[in-house]
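Engineer: model this:
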Amino acid sequence: MRSIWNGAISFGLVSIPIKLVNATESHSISFRQIHLEDGGRIRYRKVCELEEKEVSGAEIGKGYEDSDGTIIPITDEDLSHLPLPTAKTIEIVAFVPADRIDPLQMDAAYYLAAGGAPAAKPYTLLREALKRSNKVAIAKFALRGRERLGMLRVVEDAIAMHGLLWPDEVRAPQGVAPDTKVTVNDKELDLADALMDTLGEIDLEDLHDEYREALEEVVAAKAAGETPPAAPEPAKGGKVLDLMAALEKSVREAKESRGEEPAEVRQLPQRKTSSRTTPKPAQGRKSTSKTTTKKTASSSSSSSAKKSTATKKTASKKTASATAKKTTAKKTTPRKRSA
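Structural biologist: Sure, this is the predicted structure:
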């Protein structure tokens, strides 16, 4: 890897010669601007406004524009004499726990390579000290005409440095959170935790840039004079009306995609109310039930007839006895009077 900056790490009284190299690279596909009519390249040319002619890179320098529009030339020699101790030095100013660094501050990443054999010993000493302390080093350094903030940490057997934004360069999240008051219950949080557990386990090495791969296929097809592959129809998204149902469905789909048993969420069926109070008679016994019903009806009618006959006999006996008593009374009454 080619170094982009040479200097030293200042670690107290220890100075470690190092080379700064980029730790990341971009794989994105870049396009050129062309003239649609004939496919010619569109280029931007650097033209001097006073002479109205194109100038080369060797003729271009730096200048600061004042508030009244005056241009103040600034040369590389002027910048080399800046009163900064970090002009060629990465000056470590503190060691702090890694969780003290806000990820919003992180910028570009670099590797710090030891500058020759004499730097191997102090380089290894700083690396092992960072490992044992479980801390990161906060440093200041100057790069590309400005002083920057950096964080040094250990990556495998190397020391990496992340450029950090200054604290006043990170904007506060005012007006970003929703203003509507929302209440989240425990069941919703449990489902969200289940979804996080299902989606959280993944190897980062398996992730890749699908957009870049699709773009490469389009470029290859166009270069071969073929029709580019058709894009799949996007899934139709709907409004989430029931958050619980959406979470449950998300957990099921995530588990199914990983070959796990889907989480079944069943609702108890509602009982249907029936106007029938007695169960239907069992099939195959209709004739028996009818015969039994007829026998029961006939027996009940005979018993009713017997009861009515007995009642009539009893009533006639009572009437006869009452009549006899009255006749006897009439016969005895004149004898009493005559006496």
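
Engineer: in what helix or strand does the residue nearest in space to the middle of the chain lie?
Structural biologist: For the chain, residue 196 is the residue whose C-alpha lies nearest the centre (C-alpha atoms, centre = their mean; 7.1 Å). Mapping residue 196 onto the secondary structure by DSSP states H and E places it in helix 186-200.

Engineer: Repeat that for residue 221.
Structural biologist: Applying DSSP H and E as the criterion places residue 221 in helix 210-223.

Engineer: just the strands in the stretch 1-150 of the chain please.
Structural biologist: With DSSP state E, counting those that start in this stretch, the ranges of strands along the stretch 1-150 of the chain come out as 5-11, 14-22, 47-48, 53-54, 62-65, 71-74, 89-97, 106-114, 135-143, 146-155.

Engineer: can I get those in JSON lines with mean neighbour count, distance to residue 179 and mean pLDDT?
Structural biologist: Using the backbone N, CA and C atoms, a C-beta is placed for each residue, glycine as well. Below are those laid out as JSON lines (neighbours: other C-beta atoms under 10 Å; distance: least, C-beta to C-beta, whole Å; pLDDT from 0 to 100):
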{"stretch": "strand 5-11", "mean neighbour count": "19", "distance to residue 179": "46", "mean pLDDT": "87"}
{"stretch": "strand 14-22", "mean neighbour count": "18", "distance to residue 179": "42", "mean pLDDT": "89"}
{"stretch": "strand 47-48", "mean neighbour count": "11", "distance to residue 179": "50", "mean pLDDT": "94"}
{"stretch": "strand 53-54", "mean neighbour count": "9", "distance to residue 179": "54", "mean pLDDT": "93"}
{"stretch": "strand 62-65", "mean neighbour count": "11", "distance to residue 179": "41", "mean pLDDT": "92"}
{"stretch": "strand 71-74", "mean neighbour count": "10", "distance to residue 179": "47", "mean pLDDT": "91"}
{"stretch": "strand 89-97", "mean neighbour count": "15", "distance to residue 179": "34", "mean pLDDT": "92"}
{"stretch": "strand 106-114", "mean neighbour count": "18", "distance to residue 179": "29", "mean pLDDT": "92"}
{"stretch": "strand 135-143", "mean neighbour count": "20", "distance to residue 179": "36", "mean pLDDT": "91"}
{"stretch": "strand 146-155", "mean neighbour count": "17", "distance to residue 179": "34", "mean pLDDT": "92"}
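
Engineer: who wins for proximity to residue 180 among the ones you listed?
Structural biologist: Comparing these by their distance to residue 180 (C-beta to C-beta), the top pick is strand 106-114, with 31.5 Å.

Engineer: Tell me which strands that closest one pairs with, and in which orientation.
Structural biologist: Using DSSP bridges, the strands paired with strand 106-114 are strand 14-22 (antiparallel), strand 158-164 (antiparallel).

Engineer: With distance to residue 67 as new columns, can those be given to me in a markdown table?
Structural biologist: Rendered in a markdown table, the data for the strands paired with strand 106-114 read as follows (distance: least, C-beta to C-beta, whole Å):
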| stretch | distance to residue 67 |
| --- | --- |
| strand 14-22 | 35 |
| strand 158-164 | 30 |
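
Engineer: nearest to residue 138, of those?
Structural biologist: Distance to residue 138, taken as C-beta to C-beta, is lowest for strand 158-164 among those, at 8.0 Å.

Engineer: Can you give me the buried ones in that closest one?
Structural biologist: By neighbour count, with 16 or more other C-beta atoms under 10 Å as the criterion, the buried positions of strand 158-164 are 159-164.

Engineer: can you give me how far that strand is from the chain middle?
Structural biologist: When C-alpha coordinates are averaged (C-alpha atoms, centre = their mean, to the nearest Å), strand 158-164 and its chain have centres 30 Å apart.

Engineer: List the contacts of it.
Structural biologist: Outside strand 158-164, the residues within contact range by C-beta atoms under 8 Å, 6 or more residues apart in numbering are 20, 23, 90, 101, 105-113, 123, 126-127, 130, 138-139, 143, 148-154.

Engineer: Could you do stretch 22-42 as well?
Structural biologist: Residues contacting stretch 22-42 (C-beta under 8 Å, 6+ apart): 1, 4, 108-111, 160, 209, 212, 215-216, 219.

Engineer: Now with 6 Å, please.
Structural biologist: Under the contact criterion C-beta atoms under 6 Å, 6 or more residues apart in numbering, stretch 22-42 has outside partners 109-111, 160, 215.

Engineer: Also stretch 166-179?
Structural biologist: The list of residues contacting stretch 166-179 from outside it, by C-beta under 6 Å, 6+ apart, reads 104-105, 149.

Engineer: Restricting to C-alpha, output that stretch in CSV.
Structural biologist: Taking Å, rounded to 0.1, in the frame of the first residue of the first chain, the C-alpha atoms of stretch 166-179 are listed here in CSV:
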residue,chain,number,x,y,z
TRP,A,166,-14.3,17.8,16.2
PRO,A,167,-17.1,17.7,18.7
ASP,A,168,-18.5,21.0,17.4
GLU,A,169,-18.8,19.5,13.9
VAL,A,170,-21.4,17.0,15.0
ARG,A,171,-24.9,18.4,14.9
ALA,A,172,-27.4,17.9,17.7
PRO,A,173,-30.4,15.7,16.7
GLN,A,174,-32.9,18.5,17.4
GLY,A,175,-36.3,18.1,15.7
VAL,A,176,-35.4,14.6,14.5
ALA,A,177,-37.4,12.5,17.0
PRO,A,178,-41.2,12.2,16.5
ASP,A,179,-43.2,14.8,18.4
